[in-house]
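[1] Build me a structure from this.
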Amino acid sequence: MKLFSTSSVLKKAKTKQRIEIEGDLLKQLQKTLLEILKDVVYVCDKYNLYYSLSGGSALGAVRHKGFIPWDDDIDIFMRREDYDKFRLIFNKELGSKYSLRSLETTPEDGFPVVQIVKKGTIYKTSLTPSSNNCGVYIDIHVLENAPNNIFFRYIHGIVSLILGFILSCSRFYKNRKYLLDIYSEADTKTIGLIKQKI
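    Residues are numbered from 1 along each chain as shown. Model (predicted):
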């Protein structure tokens, strides 16, 4: 599966419309991301919902007392049962400032990760080529239940990887014209990975 992983490759690939986010622009993005996080944390605390920072966001909080200096996203974990409650109260608590992008709310986008998107912002990535809802966002990774039995947990993991790969490939196929156009100036390895996914 790692052979077909494209997320880190696409982040670094040369494109026609690529804008490097650094300096003051990066600081403004990080400020907006932090604002979104604070609003989500407020709602989670108000309703006693479990959440935690994950990935580089957790590392940055510990090692840098904030963002990793070059980081351009925030990731949090939320258990399935807490996310389901969060989704039900989302519009009441956060709907005026944010929209929720997920498989439940925007199945046409095929996003495997939940995203809280700030209304009135624009932040287009290779993951949002056809979406009208392409503002600044934070990711929520929903923690699903897994079997206690080690064998069944292993099978569950393999099936999850396969289904995630199929979803990723279907998104690449759906957006193939956009991806091949925007990455037409990329190196042959990047173009090859995109074509493999398509």
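[2] On the three-state scheme, residue 141 is what?
    Judged by DSSP: H, G, I helix; E, B strand; the rest coil, the three-state class of residue 141 is strand.
[3] Leaving out the residues flanking it, which one is nearest to it?
    residue 77 (5.3 Å; Cβ to Cβ, 6 or more residues apart in numbering). The C-beta positions use only the backbone N, C-alpha and C, and glycine is treated the same way.
[4] The one you found falls within a strand, correct?
    Yes. Per three-state DSSP, residue 77 lies within a strand segment.
[5] quick one: contacts for it?
    51, 52, 53, 54, 140, 141, 142, 143 (Cβ atoms under 8 Å, 6 or more residues apart in numbering).
[6] do residue 180 as well
    191, 194, 195, 198.
[7] Just those residues: which are in strands?
    The members of these all map outside strands under DSSP state E.
[8] Of these, which qualify as buried by neighbour count?
    191, 194 (16 or more other Cβ atoms under 10 Å).
[9] Of the contacts of residue 180, just say which sits nearest to residue 43.
    Distance to residue 43, by Cβ to Cβ, is smallest for residue 194 among those, at 37.3 Å.
[10] Of the contacts of residue 77, which pair is most distant in space?
    For the contacts of residue 77, and using Cβ to Cβ, no pair is farther apart than 53 and 142, which are 14.8 Å apart.
[11] hmm, who's touching the helix or strand bottoming out on mean pLDDT in the chain?
    The least trusted helix or strand in the chain, going by mean pLDDT, DSSP states H and E, turns out to be helix 7-12, with a mean of 73. Outside helix 7-12, the residues within contact range by Cβ under 8 Å, 6+ apart are 126, 183, 189, 190, 193, 194.
[12] so what's the closest residue in space to the fifth one that isn't next to it in sequence up against?
    Yep, that's residue 193 we're talking about. For residue 193, ignoring the flanking residues on the chain, the nearest one in space by Cβ to Cβ, 6+ apart is residue 6 at 5.1 Å. When the contact criterion is Cβ under 8 Å, 6+ apart, the partners of residue 6 are 168, 172, 193, 194, 197.
[13] what distance separates stretch 143-155 from the middle of the whole chain?
    Between the centre of stretch 143-155 and the centre of its chain there are 24 Å (Cα atoms, centre = their mean, to the nearest Å).
[14] May I see the buried residues of it?
    residue 143.
[15] what sits against the spatially most central residue of the chain?
    Nearest to the geometric centre of the chain sits residue 139, at 4.5 Å (Cα atoms, centre = their mean). The contact partners of residue 139, by Cβ under 8 Å, 6+ apart, come to 73, 74, 75, 76, 113, 114, 115.
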